[in-house]
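Student: I would like the atomic coordinates for the input below:
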Amino acid sequence: MPARTTLVTLAALAALVALSWAYLSWAPMPMPATSGGLRTSHYAAFTFAMWFVMMVGMMTPSVAPTALLFDRINRRGDPGAPATRTACFVAGYLLVWLAFSLLATALQVELIAAGWIDAMGVSTRPLGTAAVLFAVGLYQWLPGKVACLEHCRAPAEFIVSAHRPGARGALVMGLHHGLYCLGCCWALMLLLFVGGVMNLAWVAGITALVFAEKLLARGAWLRRLIGAAALIAAIALTVARSP
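Tutor: The predicted model follows:
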């Protein structure tokens, strides 16, 4: 039976995911027309909040096993150790996705301004969609993707070898792991600009792909399948638009 501390950590992570998805379900999508304009601080702030909450909801499930492993290793020598280090590890991990959310917010504003996506974050140009799909498909086969995915699929060696003492050390370890995760998943996140940033079914589908790729036994095989499917879809869209 899992230790009480493990159950507490698991419950905290589950609550974080549930609150994130509740916010995405109930909070209205920021719209330029009701926020004073596309390039206003009001629109930027609420769009950033949406992106960060979305990243928390999407990425926490896939990092949960790593966080639980970190917690277990952290308590191995001291069963009564506080949960502060585990919280700092998760915070460091999420700081990476906070930085990504800032970039995604800026990208969303510019894509709307250029007419490449609509106010709901859905691609409006088939060739733009094809370009995103091609980039995603290609990246799935590149060595950088492979290396980052292998790290995310086997974090135990990293947790032991990169151990740093104290809460600050745990925060740095979380940042380190988060950067690998970002390297693994950033291209898949671009798909949000294809099906819609606030299309929750689409968001849930990408979340499932990220989770399966990292945690299922055939995750490496799934990486190749996603890449091949994205490339085929990109080629099909390009051919369909050709005169």
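Student: what's next to the helix or strand hosting Val210, contact-wise?
Tutor: In this assignment (DSSP states H and E), Val210 forms part of helix 200-215. Under the contact criterion CB atoms under 8 Å, 6 or more residues apart in numbering, helix 200-215 has outside partners 24-25, 54, 57-59, 61-62, 65, 149, 152-153, 184-185, 188-189, 191-192, 195-197, 219, 222-223, 226. The C-beta positions use only the backbone N, C-alpha and C, and glycine is treated the same way.
Student: tell me what the top helix by length along the chain is packed against?
Tutor: Longest helix in the chain by number of residues, with DSSP state H as the criterion: helix 41-76. Packing contacts for helix 41-76, counted by 3 or more CB pairs under 8 Å, 6 or more residues apart in numbering; DSSP states H and E, involve helix 4-26, helix 84-114, helix 156-161, helix 166-190, helix 200-215.
Student: so who does the residue nearest to Thr60 when sequence neighbours are not counted touch?
Tutor: Leaving aside its sequence neighbours, Thr60 sits nearest to Val17 (CB to CB, 6 or more residues apart in numbering; 4.9 Å). Contact analysis of Val17 by CB under 8 Å, 6+ apart lists 56-57, 60-61.
Student: hmm, try it at 7 Å
Tutor: Counting by CB atoms under 7 Å, 6 or more residues apart in numbering, Val17 touches 57, 60-61.
Student: quick one: which of the helices and strands packed on helix 41-76 has the weakest pLDDT on average?
Tutor: Of all the helices and strands packed on helix 41-76, the minimum mean pLDDT falls on helix 156-161 (a mean of 87).
Student: before we move on, back to that, can you say which of the contacts of helix 200-215 are buried?
Tutor: Applying 16 or more other CB atoms under 10 Å to the contacts of helix 200-215, the neighbour count classes 24, 54, 57-59, 61-62, 149, 152-153, 184-185, 188-189, 191-192, 195-197, 219, 222-223, 226 as buried.
Student: With distance to Gly144 added, can I get the helices and strands packed on helix 41-76 in CSV?
Tutor: Putting those into CSV (distance: least, CB to CB, whole Å) gives the following:
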stretch, distance to Gly144
helix 4-26, 28
helix 84-114, 16
helix 156-161, 17
helix 166-190, 6
helix 200-215, 15
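Student: rewinding a little: in the longest helix of the chain, what's buried?
Tutor: Quick answer for helix 41-76 (16+ other CB under 10 Å): 43-44, 46-48, 50-64, 66-68, 70-72, 74-75.
Student: and after the helix holding Val210, which helix or strand comes next?
Tutor: Past helix 200-215, the next helix or strand by DSSP H and E is helix 219-241.
Student: That following helix: which residues count as buried?
Tutor: Across helix 219-241, burial judged by 16+ other CB under 10 Å covers 219, 222-223, 226-227, 230-231, 233-234, 237-238.
Student: which strands and helices sit next to that helix?
Tutor: helix 126-139, helix 200-215 (3 or more CB pairs under 7 Å, 6 or more residues apart in numbering; DSSP states H and E).
Student: who wins for proximity to Leu94 among those helices?
Tutor: Nearest to Leu94, of all the helices and strands packed on helix 219-241, is helix 200-215, at 14.8 Å by CB to CB.
Student: Let me know the angle separating the closest one from helix 4-26.
Tutor: Taking axes from the mean of the first three to the mean of the last three CA atoms, to 10 degrees, one finds helix 200-215 and helix 4-26 inclined to each other by 150 degrees.
Student: Name the nearest of the contacts of Val17 relative to Ala162.
Tutor: When the contacts of Val17 are ranked by distance to Ala162 (CB to CB), Thr60 comes first, at 21.0 Å.
Student: Please consider this matter closed, and thank you.
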